[in-house]
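Peer 1: here is a sequence together with a model predicted from it:
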Amino acid sequence: MDFELTEDLRILQQTSREFALKELAPGAIERDAKCEFPIEIMKKLGPLGFMGMLVPEKYGGAGLGVLAYSVVMEEIARWDASVALNMAAQNSLCLGHLMVAANEEQKQKYVVPLARGEKLGAWGLTEPGSGSDAAAMRTAARLDGDEWVLNGSKMFITQGTVADTCVIMAATGKGNGKRPISAFAVETHRDGKPLQGYSTRKILNKLGMHASDTAEISMEDVRLPRECLLGTEGEGFADVLKVLTNGRIGIGALAIGIARGALEDSIKYAKEREQFGKPIAQFQAIQWLLADMATQVDAARLLVYQAAMMKDKGQTVTREAAEAKLYASETAMRAGVNAVQILGGYGYTSEFHVERYMRDAKLLEIGEGTSQIQRIVIAKHLMRQF
């Protein structure tokens, strides 16, 4: 197996790396402190093709593969995981679902402006009372003539307050307990005015990802045209699983970016910081921490690249994506903790990046399927295989 990136991918890697150094690194700490959604930065991602990386060119996207997407996600997350998370919400989730389920007319209407970065997208699955058990959602949709009527709420939705288009999952059909799930494309504004019955609340005081918009969405008799249904009525959950599987590769790449940042910042500091008359990088205790971090980052990247390459070949990657997301997210968390330890008191302050890496990494063990859910997915595949 050839582990070298192609020339095109190396150019893409360098382009995204230079963008991150120029546009993200200088203001990352300030954006985090202000909990500021980086709207101007998000606008700059569109012309680079980073807002619709997996979308074919005929729909306004860059027409690239999952491996290319993973390469870019790592570089962006290296300096600002919040921006990378916003990209994930756009690429993997909102556009991911639209590309899986939308018909041609819907793709022209919704996908094109999103893929070009002209509009922002969100994806509404999680609810106040349903997270890992996503099929237990209470948001419901019913047909009333030629309109769907939505009632319910969504929680922890990335880009929820800034999205122009949000893909909302809702239970359809009658009966108690779990019901069939359908997906709907919701335009949050009509004729320049907020969609009636649709409201959002920004969630503040988060542990990390401060520059990423996180919201609660409430829907009270929201009326949508019948043609807003995505895919087949009642079969939306199968599409949700496809979206989550593909999205886990991107989250794995995001995690690598955080972990790499923690490693690189730790090495730089360890070479400069002196204790007992010499740089702390010369102490075995520090060297072993760095060695473990480097090994785990490299191993995580290989898992992500394997899943990405398999996906680009059209292969099923449910287990591989779960493994990549599980290992990479836990690697990012360990790397963040170790980086704070290496920087000591300085690492505990917001004057350095590493405390932010540690805080941001925790979300990756929770979002798009917790570490426990990933282990369940992996174990199920093992039980079927052996």
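Peer 2: Perfect, thanks for sending it.
Peer 1: outline the domain layout of this structure.
Peer 2: 7-115, 121-233, 237-385 (automatic domain parsing).
Peer 1: just the endpoints, please. Distance across the longest one?
Peer 2: With CA to CA, to the nearest Å as the measure, the ends of domain 237-385 fall 24 Å from one another.
Peer 1: elements contacting the strand or helix carrying L363?
Peer 2: Element membership for L363, per DSSP states H and E: helix 354-364. The contact analysis (3 or more CB pairs under 8 Å, 6 or more residues apart in numbering; DSSP states H and E) places helix 354-364 against helix 28-34, helix 81-88, helix 236-272, helix 318-343. All C-beta spots, glycine's among them, are computed from the backbone N, C-alpha and C.
Peer 1: low pLDDT regions in this protein?
Peer 2: 1-2, 174-178 (pLDDT under 70).
Peer 1: which stretch among the helices and strands packed on helix 354-364 is buried most, on average?
Peer 2: helix 81-88 (a mean of 28; mean count of other CB atoms under 10 Å).
Peer 1: measure E216 to V149 for me?
Peer 2: 20 Å (CB to CB, to the nearest Å).
Peer 1: closest to G96 out of the helices and strands packed on helix 354-364?
Peer 2: With CB to CB, the closest approach to G96 among the helices and strands packed on helix 354-364 belongs to helix 236-272: 4.7 Å.
Peer 1: wait, which of the helices and strands packed on helix 354-364 is closest to E368?
Peer 2: helix 236-272 (5.1 Å).
Peer 1: so the closest one versus helix 354-364, what angle?
Peer 2: 160 degrees (axes from the mean of the first three to the mean of the last three CA atoms, to 10 degrees).
Peer 1: what's the next secondary structure element after helix 236-272?
Peer 2: Next along the chain from helix 236-272, counting by DSSP H and E, comes strand 274-275.
Peer 1: name the residues that touch that next one?
Peer 2: By CB atoms under 8 Å, 6 or more residues apart in numbering, the surrounding residues in contact with strand 274-275 are I280, F283.
Peer 1: please name every helix or strand in contact with whichever helix or strand comes after it.
Peer 2: Moving toward the C-terminus from strand 274-275, the first helix or strand encountered (DSSP H and E) is strand 278-279. Helices and strands touching strand 278-279, by 3+ CB pairs under 8 Å, 6+ apart, are helix 236-272.
Peer 1: ok now the helix it packs on, how far from the chain's centre?
Peer 2: The chain centroid and the centroid of helix 236-272 are separated by 9 Å, computed with CA atoms, centre = their mean, to the nearest Å.
Peer 1: with stretch 114-127 instead?
Peer 2: Worked out by CA atoms, centre = their mean, stretch 114-127 lies 11 Å from the chain centre.
Peer 1: and that stretch, how far apart are its ends?
Peer 2: 24 Å.
Peer 1: tell me which residues in it are buried?
Peer 2: 114-117, 119-127 (16 or more other CB atoms under 10 Å).
Peer 1: need the max-distance pair from these.
Peer 2: Applying CB to CB across the buried residues of stretch 114-127, the maximum distance is between R116 and E127, 30.5 Å.
Peer 1: now the strands for the stretch 1-150 of the chain?
Peer 2: For the stretch 1-150 of the chain, strands defined by DSSP state E, counting those that start in this stretch occupy the ranges 121-124, 140-144, 147-158.
Peer 1: give the partner strands of the longest one in its sheet and their orientations.
Peer 2: Going back to what we said before, that points to strand 147-158. strand 140-144 (antiparallel), strand 214-225 (antiparallel) (DSSP bridges).
Peer 1: next up, the contacts around G160.
Peer 2: A122, G124, K154, C166, T200, K202, D213, T214, A215, E216, I217.
Peer 1: circling back to that earlier point, quick one: closest of the strands paired with strand 147-158 to V55.
Peer 2: Between the strands paired with strand 147-158, strand 214-225 lies closest to V55; by CB to CB that is 23.1 Å.
Peer 1: ok now that closest one, how far from the chain's centre?
Peer 2: That offset, for strand 214-225, works out to 22 Å (CA atoms, centre = their mean).
Peer 1: next SSE after that strand?
Peer 2: Next element after strand 214-225 (DSSP H and E): strand 229-230.
Peer 1: can you spell out which helices and strands pack onto that next one?
Peer 2: Going by 3+ CB pairs under 8 Å, 6+ apart, strand 229-230 lies up against helix 95-101, strand 181-187.
Peer 1: ok, and what's touching the last one?
Peer 2: Looking back up the chat, that one is strand 181-187. With CB under 8 Å, 6+ apart as the criterion, strand 181-187 contacts 97-98, 101-102, 106, 110, 124, 135, 137, 141, 148, 150, 164-172, 195, 198, 222, 224, 228-231, 233-237, 239-240.
Peer 1: tell me which of the strands of the stretch 1-150 of the chain sits most buried.
Peer 2: With a mean of 29, the top stretch among the strands of the stretch 1-150 of the chain by mean neighbour count (mean count of other CB under 10 Å) is strand 121-124.
Peer 1: report all helices and strands that that strand contacts.
Peer 2: Strand 121-124 packs on helix 95-101, strand 147-158, strand 165-171, going by 3+ CB pairs under 8 Å, 6+ apart.
Peer 1: please save the CA atoms from the longest one in CSV.
Peer 2: Just to be clear, that refers to strand 147-158. Provided in CSV are the C-alpha atoms of strand 147-158 (Å, rounded to 0.1, in the frame of the first residue of the first chain):
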residue,chain,number,x,y,z
GLU,A,147,-47.9,20.9,3.5
TRP,A,148,-45.8,19.2,6.1
VAL,A,149,-46.3,20.6,9.6
LEU,A,150,-43.3,20.2,12.0
ASN,A,151,-43.4,20.3,15.8
GLY,A,152,-40.6,19.6,18.2
SER,A,153,-37.1,20.7,19.1
LYS,A,154,-33.4,19.9,18.3
MET,A,155,-30.4,20.4,20.6
PHE,A,156,-26.7,21.0,20.1
ILE,A,157,-27.0,21.8,16.4
THR,A,158,-23.8,23.1,14.9
